[in-house]
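Asker: The following block contains a protein sequence and its predicted model.
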Amino acid sequence: MRAALVRGPALTFALSGLRSYLVLVRELPHAAWWPLAIYKIGKAKAVDAVFEPQVGGRRYELGDDGSTCNWGRVLVWHPHSRLVLSWDINADWQPDPARNTEIEVRFIPNGENSTRVEFEHRRLDRYGARRDRCGASSILKVIGDAC
């Protein structure tokens, strides 16, 4: 049986854990590191990917016409150290709250002014036979290249 998770490339920032977290999650527009031109769900042209910064907060795509398309929810919100998000998108790139895979982002101090950021996409078995097409590894590589 193959593993039901994908670990993306770890990134190292020459910043403290707090600063890395703030830049990646709060300050840098998500459109700057999420490849909206390639990975979008809604019908309108996507202009941003939004996190509502609290447990239960929505993750959604914002269209240029003001429409939103839900991607999932914030499951764990530990500022400066850990973030877990549901990924409620099916193998056909359509919203599907029953899919409910998880993406975890960990911010690990690596010295005084260095932080290792690790990404993991799990519960991929929920995609069945299409699981290899649905892991976040290709998206995580794009994010790593952008950062």
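Answerer: All right, it came through fine. Keep in mind that what you see is a predicted model, and the values were worked out from it rather than measured.
Asker: In contact with the spatially most central residue of the chain, which residues?
Answerer: Among the residues of the chain, the one closest to the centroid is residue 103, at 6.0 Å (Cα atoms, centre = their mean). Each residue near residue 103 by Cβ atoms under 8 Å, 6 or more residues apart in numbering is listed here: 84-87, 119-122, 136. Where you see a C-beta, it was placed from the backbone N, CA and C, and this is true even at glycine.
Asker: Tell me if it really is in a strand.
Answerer: Yes: secondary structure assignment places residue 103 in a strand (DSSP: H, G, I helix; E, B strand; the rest coil).
Asker: Report the separation between it and residue 44.
Answerer: Here residue 103 is placed at a distance of 24 Å from residue 44 (Cβ to Cβ, to the nearest Å).
Asker: picking up where we left off before, if we take the contacts of residue 103, which one ends up nearest to residue 40?
Answerer: Lowest distance from residue 40 to the contacts of residue 103 (Cβ to Cβ) belongs to residue 87, with 14.1 Å.
Asker: pLDDT score assigned to that closest one?
Answerer: Here, the pLDDT recorded for residue 87 equals 89.
Asker: How about residue 147?
Answerer: 52.
Asker: Check residue 130 too.
Answerer: 75.
Asker: show me what contacts it?
Answerer: residue 91.
Asker: i'd like the first residue to be 7 from this point on
Answerer: OK, 7 is where the count begins now, so the last one is residue 136.
Asker: which phi and psi does it have?
Answerer: Main-chain torsions, residue 136, degrees, to the nearest 10: phi -100, psi 10.
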